[in-house]
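In: Sequence first, then the predicted structure, then my questions.
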Amino acid sequence: LEEYAAAAAAGGDAFGKTVFPHAPLLASAELWAGRIVPVLHYTMGGITFAADGAVLSAAGERIGGLHAAGEVTGGVHGNNRLG
């Protein structure tokens, strides 16, 4: 807690964190902890796309000018996601 408070006061820590919305944390306060680990999620029956992001038709052919990006491509998130 002392290191967290010091990093918050300094405006950053050794890992590059610069936002400390809960500082300062007091040792006398009630604290709750939860374990969050990264997991890979993916679309289930959603958009099919090529390695370069080009969206593919149901026949597996590229749809000209259409590319997949963001959440439809899957990604790494904490395991607190629904689904």
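Out: Yep, that arrived. Numbering: from 1, shown residues only.

In: so where do the helices sit in the chain?
Out: All helices of the chain, identified by DSSP state H, fall at 2-10.

In: helices and strands of this structure: which one has the lowest mean pLDDT?
Out: strand 75-78 (a mean of 58; mean pLDDT, DSSP states H and E).

In: Stretch 54-74: which residues count as buried?
Out: Across stretch 54-74, burial judged by 16 or more other CB atoms under 10 Å covers 55, 68. Quick note: C-beta positions are derived from backbone N, CA and C, even for glycine.

In: C-alpha coordinates for that stretch, PDB please?
Out: Output of stretch 54-74 as PDB, limited to C-alpha atoms (Å, rounded to 0.1, in the frame of the first residue of the first chain):
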ATOM      1  CA  ALA A  54     -10.300  -9.400 -44.900                       C
ATOM      2  CA  VAL A  55     -13.900 -10.600 -44.200                       C
ATOM      3  CA  LEU A  56     -14.800 -13.900 -46.000                       C
ATOM      4  CA  SER A  57     -18.200 -14.800 -47.400                       C
ATOM      5  CA  ALA A  58     -20.100 -18.000 -46.500                       C
ATOM      6  CA  ALA A  59     -18.300 -19.500 -49.500                       C
ATOM      7  CA  GLY A  60     -14.900 -18.500 -48.100                       C
ATOM      8  CA  GLU A  61     -14.300 -15.800 -50.700                       C
ATOM      9  CA  ARG A  62     -13.000 -12.300 -49.800                       C
ATOM     10  CA  ILE A  63     -15.600  -9.600 -49.700                       C
ATOM     11  CA  GLY A  64     -13.900  -6.700 -51.400                       C
ATOM     12  CA  GLY A  65     -13.200  -3.600 -49.300                       C
ATOM     13  CA  LEU A  66     -14.500  -5.200 -46.100                       C
ATOM     14  CA  HIS A  67     -12.200  -5.900 -43.100                       C
ATOM     15  CA  ALA A  68     -12.800  -7.100 -39.600                       C
ATOM     16  CA  ALA A  69     -11.400  -5.200 -36.600                       C
ATOM     17  CA  GLY A  70     -11.900  -4.800 -32.900                       C
ATOM     18  CA  GLU A  71     -14.200  -7.100 -30.900                       C
ATOM     19  CA  VAL A  72     -15.500  -9.100 -33.800                       C
ATOM     20  CA  THR A  73     -12.000 -10.600 -34.200                       C
ATOM     21  CA  GLY A  74     -11.700 -11.800 -30.600                       C
END
